[in-house]
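**Student:** below is the structure, and that's it, no one-letter string:
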């Protein structure tokens with residue numbers, strides 16, 4: 001009897017021990033999740049690691065895989081891409097082994113989120129792997145998120161993956177699921193994504209309808225960041241519809257939220273769009289002020305990015321230096337152990353043989369390296385000679401073209417003037433004078449055309465910035481009018497058609513100012529932000545009635561024609577005695593819809609637009 005009593009007590013103690021262990025595991029796991037939602041990621045990471053140790057003691061594979069999944073998400077938040085990938089694959093390996101398909105769905109979704117920025121094809125593959133594991137006709141949160149993410153891939157700006165019909169199909173499936181489970185947060189994201197998709201197809205009414213649905217939910221959720229983004233999207237639709245006042249109202253509300261959130265990038269985008277809206281309703285002075293603020297903000301952000309790059313490089317250098325020191329220490333230890341084992345296990349003859357082999361290998365490597373360097377030097381020399389020959393050939397062709405223009409065009413005109421002087425005809429002095437003036441004017445025109453051809457050649461060879469600065473330098477050397485030019489953000493050459501049209505538009509504006517405006521000062525500013533060129537031109541001349549000049553002036557019609565050729569927009573503002581303001585916007589690549597991302601705050605996180 002006493003024996004059975006002791007067995008009973010012992011079994012209860014064992015049960016109590018298991019229960020206490022499980023409670024400890026759950027404590028670490030729940031604490032880790034709680035810290036993660038509070039954005040205390042360092043502490044959360046440590047608690048997940050402690051939970052893994054306890055789950056490992058209990059052989060709880062599901063718990064271990066779940067912790068590895070969270071460690072991957074946290075590592076990705078720290079931008080530790082290599083660690084994040086390692087944790088995700090560990091979770092996948094465990095869940096495959098134990099056939100935990102529900103866990104695999106989340107793992108594949110997170111892995112696809114990991115790849116979506118750098119490898120869209122691989123991201124789509126993993127989203128589809130997750131979709132295959134979903135139960136048929138499932139309406140839960142996981143299926144809704146995965147459908148939305150696949151729709152996001154098909155609505156991207158990458159022409160290889162953009163498929164409007166597929167994007168609509170997956171988005172609408174996701175929409176039904178989110179409605180069924182009453183997920184307001186993801187519904188607001190999805191309506192915004194649909195609005196962006198409709199806007200890319202210029203279905204502005206549908207885009208506006210979905211943006212309105214999105215913002216109504218976000219206002220109810222008090223999601224300030226998302227409200228600011230969607231208001232800007234609504235403003236963009238109104239701007240396309242030329243509803244400038246309505247677009248300004250949305251931009252100003254979004255700007256107020258962006259300042260509250262401390263979001264300088266959104267402020268910069270808003271300033272750029274508000275300039276267009278204010279020009280649309282004729283508020284030129286306010287548009288000019290906003291344009292200046294936009295330039296200042298862009299410059300400050302550029303400086304901040306450069307400083308961050310320097311810090312990142314310093315951190316990378318320190319990390320590499322520390323890793324090199326560790327490797328040197330490990331190498332020293334390994335060499336010491338190797339020498340010890342070598343002296344104990346091998347003879348002196350073998351040592352000599354090894355040293356001789358190493359020496360031979362080093363000499364061979366140095367010889368091969370020398371040959372490689374000589375080969376590279378020869379290739380560089382050949383390339384330099386090719387480039388020099390090409391440059392000389394181009395210069396020779398250009399000299400021949402200029403000589404031909406001078407001989408055939410300007411030379412012929414001057415010869416005709418000479419013949420008029422030598423003419424023995426009995427013409428009156430006034431008729432002879434008129435003919436001479438006509439020929440001299442034609443000679444001046446020929447000279448100007450040859451000069452412009454040379455300038456266009458400079459544009460072709462050296463680019464827009466160099467050609468414009470050379471034009472401004474020429475104007476300032478004449479000392480009749482002061483010209484200023486400022487160019488921001490042109491990181492690389494624009495398409496030649498865009499550069500030529502911008503150059504000739506600027507040339508037309510400057511020529512009109514010099515000939516007619518009686519101005520003392522010209523300002524030309526050109527900036528590039530993402531896929532758009534902004535041109536701002538101003539003089540302090542006598543001004544003119546814009547409508548009258550648009551109807552009758554060839555110069556204005558020429559400017560409009562050039563702007564339309566490159567799918568741009570131009571706004572003129574001038575009044576007699578007030579000078580002229582001109583603002584142009586020119587797209588240089590397909591507009592990219594703005595997408596933001598936010599990690600899922602429940603079980604698994606999906607990237608949203």
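**Tutor:** That came in fine, so what should we check first? Predicted model, so just to flag it, every value in this text is computed and none were measured.

**Student:** if I look at the residue most central in space within the chain, how far off is residue 298?
**Tutor:** The centroid of the chain falls nearest to residue 530 when counting by Cα atoms, centre = their mean (6.3 Å). To residue 298, residue 530 is 11 Å away according to Cβ to Cβ, to the nearest Å. All C-beta atoms are positioned from the backbone trio N, CA, C, and that covers glycine.

**Student:** same question for residue 214.
**Tutor:** Note on residue 214: its distance to residue 298, by Cβ to Cβ, is 28 Å.

**Student:** who has more neighbours, the two?
**Tutor:** Just comparing residue 214 and residue 298: by other Cβ atoms under 10 Å the higher neighbour count belongs to residue 214, 26 against 20.

**Student:** give the burial count for the closest residue to the more buried one other than its chain neighbours, as a bare number.
**Tutor:** Closest residue in space to residue 214, ignoring its immediate chain neighbours: residue 191 at 3.7 Å, by Cβ to Cβ, 6 or more residues apart in numbering. Neighbours of residue 191 under the rule other Cβ under 10 Å: 23.

**Student:** do the same with residue 150
**Tutor:** The number of residues near residue 150, taken as other Cβ under 10 Å, comes to 24.

**Student:** go on, residue 415?
**Tutor:** 11.

**Student:** which residues does it contact?
**Tutor:** Neighbour list for residue 415: empty [criterion: Cβ atoms under 8 Å, 6 or more residues apart in numbering].

**Student:** isn't there a helix covering it?
**Tutor:** Yes. Assessed by DSSP: H, G, I helix; E, B strand; the rest coil, residue 415 belongs to a helix.

**Student:** follow-up on the earlier one: tell me the mean pLDDT for the strand or helix carrying the residue nearest to residue 214?
**Tutor:** Counting by DSSP states H and E, the element that carries residue 191 is helix 184-200. For helix 184-200, mean pLDDT rounds to 90.

**Student:** which other helices and strands contact that helix?
**Tutor:** Helices and strands touching helix 184-200, by 3 or more Cβ pairs under 8 Å, 6 or more residues apart in numbering; DSSP states H and E, are helix 141-154, helix 164-181, helix 204-221, helix 224-240.

**Student:** got any ranges where the stretch 201-350 of the chain has weak pLDDT?
**Tutor:** By pLDDT under 70, the weakly predicted segments of the stretch 201-350 of the chain are 302-328.

**Student:** please enumerate the strands of it.
**Tutor:** Using DSSP state E, counting those that start in this stretch, no strands are found in the stretch 201-350 of the chain.

**Student:** the helices in it, which residues?
**Tutor:** 204-221, 224-240, 244-261, 264-280, 284-345, 348-405 (DSSP state H, counting those that start in this stretch).

**Student:** can you list those in TSV and add distance to residue 546?
**Tutor:** Putting those into TSV (distance: least, Cβ to Cβ, whole Å) gives the following:
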stretch	distance to residue 546
helix 204-221	28
helix 224-240	21
helix 244-261	17
helix 264-280	12
helix 284-345	11
helix 348-405	37
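
**Student:** so which bits of the host helix or strand of residue 86 are buried?
**Tutor:** Using DSSP H and E, residue 86 sits within helix 81-98. Neighbour-count burial for helix 81-98, counted by 16 or more other Cβ atoms under 10 Å, picks out 84-85, 87-88, 90-92, 94-95.

**Student:** that one - what's its average pLDDT?
**Tutor:** In this model, helix 81-98 has a mean pLDDT of 92.

**Student:** and the next element down the chain from it?
**Tutor:** Scanning onward from helix 81-98 (DSSP H and E), the first element met is helix 101-115.

**Student:** tell me the first helix or strand C-terminal of that following helix.
**Tutor:** Once the chain leaves helix 101-115, the next helix or strand it forms, by DSSP H and E, is helix 120-132.

**Student:** and that following helix, average pLDDT?
**Tutor:** For helix 120-132, the mean pLDDT works out to 89.

**Student:** that one packs against which elements?
**Tutor:** Counting contacts by 3+ Cβ pairs under 8 Å, 6+ apart, helix 120-132 packs against helix 101-115, helix 141-154.

**Student:** could you dump the helices and strands packed on helix 184-200 to CSV with distance to residue 133?
**Tutor:** Formatted as CSV, these follow (distance: least, Cβ to Cβ, whole Å):
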stretch, distance to residue 133
helix 141-154, 9
helix 164-181, 16
helix 204-221, 30
helix 224-240, 30
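
**Student:** single out the most deeply packed of those.
**Tutor:** helix 141-154 (a mean of 24; mean count of other Cβ atoms under 10 Å).

**Student:** okay, the angle between it and helix 164-181?
**Tutor:** Going by axes from the mean of the first three to the mean of the last three Cα atoms, to 10 degrees, helix 141-154 is angled at 160 degrees with respect to helix 164-181.

**Student:** which other helices and strands does helix 141-154 contact?
**Tutor:** Counting contacts by 3+ Cβ pairs under 8 Å, 6+ apart, helix 141-154 packs against helix 101-115, helix 120-132, helix 164-181, helix 184-200.

**Student:** what residues sit buried inside the shortest one?
**Tutor:** To tie it back to what came earlier, the one meant is helix 120-132. Using 16+ other Cβ under 10 Å as the test for burial, helix 120-132 gives 120, 123-124, 126-127, 129-131.

**Student:** got the contact list for that helix?
**Tutor:** Here helix 120-132 has contacts from 104-106, 108-109, 111-116, 142-143, 146-147, 149-150, 153, 156, 158, 160-161, using Cβ under 8 Å, 6+ apart.

**Student:** for the first one, same thing?
**Tutor:** Defining contact as Cβ under 8 Å, 6+ apart, one finds that helix 101-115 is touched by 62, 65-66, 69, 72-73, 76, 81, 84-85, 88, 91-92, 95-96, 122-127, 129-130, 133-134, 142, 145-146, 149, 603-607.

**Student:** how far is that helix from where the chain is centred?
**Tutor:** With Cα atoms, centre = their mean, to the nearest Å as the basis, helix 101-115 stands 26 Å off its chain's centre.

**Student:** for that helix, which residues meet the burial criterion?
**Tutor:** So, applying 16+ other Cβ under 10 Å, buried residues of helix 101-115: 103-115.

**Student:** how about those in JSON lines, adding pLDDT and distance to residue 246?
**Tutor:** Listed next are these as JSON lines, based on pLDDT from 0 to 100; distance: Cβ to Cβ, whole Å:
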{"residue": "103", "pLDDT": "89", "distance to residue 246": "48"}
{"residue": "104", "pLDDT": "91", "distance to residue 246": "48"}
{"residue": "105", "pLDDT": "89", "distance to residue 246": "43"}
{"residue": "106", "pLDDT": "89", "distance to residue 246": "42"}
{"residue": "107", "pLDDT": "92", "distance to residue 246": "46"}
{"residue": "108", "pLDDT": "91", "distance to residue 246": "43"}
{"residue": "109", "pLDDT": "92", "distance to residue 246": "39"}
{"residue": "110", "pLDDT": "91", "distance to residue 246": "40"}
{"residue": "111", "pLDDT": "89", "distance to residue 246": "43"}
{"residue": "112", "pLDDT": "90", "distance to residue 246": "38"}
{"residue": "113", "pLDDT": "89", "distance to residue 246": "36"}
{"residue": "114", "pLDDT": "89", "distance to residue 246": "40"}
{"residue": "115", "pLDDT": "90", "distance to residue 246": "40"}
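
**Student:** now, which of these sits nearest residue 431?
**Tutor:** Checking the buried residues of helix 101-115 against residue 431 with Cβ to Cβ, the nearest one is residue 115 at 82.3 Å.

**Student:** against residue 241, how distant is that closest one?
**Tutor:** To residue 241, residue 115 is 37 Å away according to Cβ to Cβ.

**Student:** residue 585 should be in a strand, yeah?
**Tutor:** Yes. Under three-state DSSP, residue 585 sits within a strand.

**Student:** show me what contacts residue 276?
**Tutor:** Each residue near residue 276 by Cβ under 8 Å, 6+ apart is listed here: 239, 569, 571, 583, 585.
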